[in-house]
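>>> what would the 3D arrangement of this be:
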Amino acid sequence: HLATSLPLPSERDHLRPRIDLIGFMIDIKSKHSLKNVEASLAYVDARFFLGKVCFLVTGVGRVNYCSVEMNAIWKLGEIYCSPVLFCELELEGVRVATAQRLLRMLQICAGHVPGTSALSFGLLMRSSAD
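Numbering: from 1, shown residues only. The predicted structure is shown next:
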């Protein structure tokens, strides 16, 4: 399910499936994109920051058109203890690899990978980024 911002409309709460992973997309060419993500973070339950949130940064192949400071993005990942993934959606191979990575993260967060929890996976992602 996709949403342009949070909070989600409450009138459909009874129809909404369980949320296992929240991926925030930040377009590196748009300061509005980053501001929207920052504003939406206030509506996320703190329990989700235990391995069930990630930041997906798009447009990284166009550094010349960058409007968002990379330090601001890294800081978000650090503050919210969440992994930051970078991709270029215009390149099919990168897009496919990113989709597979997100799917694997979702499987872990949903509890479909025995012996691995979202929290342990989140800690592993953080230590690999360090």
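>>> for residue 40, the count of nearby residues, please.
17 (other C-beta atoms under 10 Å). (Glycine included, C-beta is placed from N, CA and C.)
>>> where does the residue nearest to it when sequence neighbours are not counted land in three-state SS?
Leaving aside its chain neighbours, residue 40 sits nearest to residue 6 (3.9 Å; criterion: C-beta to C-beta, 6 or more residues apart in numbering). Classification of residue 6 by DSSP: H, G, I helix; E, B strand; the rest coil places it in coil.
>>> my read is that residue 6 contacts residue 43, right?
Yes: counting by C-beta atoms under 8 Å, residue 6 sits close enough to residue 43 to count as a contact (3.9 Å).
>>> ok, the two, which is more surrounded?
Higher neighbour count among residue 6 and residue 43: residue 6, with 15 against 10, using other C-beta under 10 Å.
>>> in this structure, which helix is the longest?
helix 92-109 (DSSP state H).
>>> just the strands in this structure please.
Ranges of strands in the chain, per DSSP state E, are 22-27, 53-58, 84-87.
>>> shaky segments in the protein?
62-64, 122-130 (pLDDT under 70).
>>> mind redoing it with 80?
1, 12, 60-66, 118-130 (pLDDT under 80).
>>> now the longest helix of the chain: buried residues?
98, 102, 105, 106, 108, 109 (16 or more other C-beta atoms under 10 Å).
>>> quick one: which of those residues is nearest to residue 53?
residue 109 (9.4 Å; C-beta to C-beta).
>>> in contact with that closest one, which residues?
By C-beta atoms under 8 Å, 6 or more residues apart in numbering, the contact set of residue 109 is 20, 21, 51, 52, 118, 121.
>>> can you rerun that using 6 Å?
20, 21, 52, 118 (C-beta atoms under 6 Å, 6 or more residues apart in numbering).
>>> chain neighbours aside, what residue packs nearest to the second one?
It stands for residue 21. Per C-beta to C-beta, 6+ apart, closest to residue 21 is residue 109, 4.3 Å.
>>> one step back: now the buried residues of helix 92-109 as JSON lines including distance to residue 72?
Converted to JSON lines, these look like this (distance: C-beta to C-beta, whole Å):
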{"residue": "98", "distance to residue 72": "21"}
{"residue": "102", "distance to residue 72": "22"}
{"residue": "105", "distance to residue 72": "22"}
{"residue": "106", "distance to residue 72": "26"}
{"residue": "108", "distance to residue 72": "27"}
{"residue": "109", "distance to residue 72": "25"}
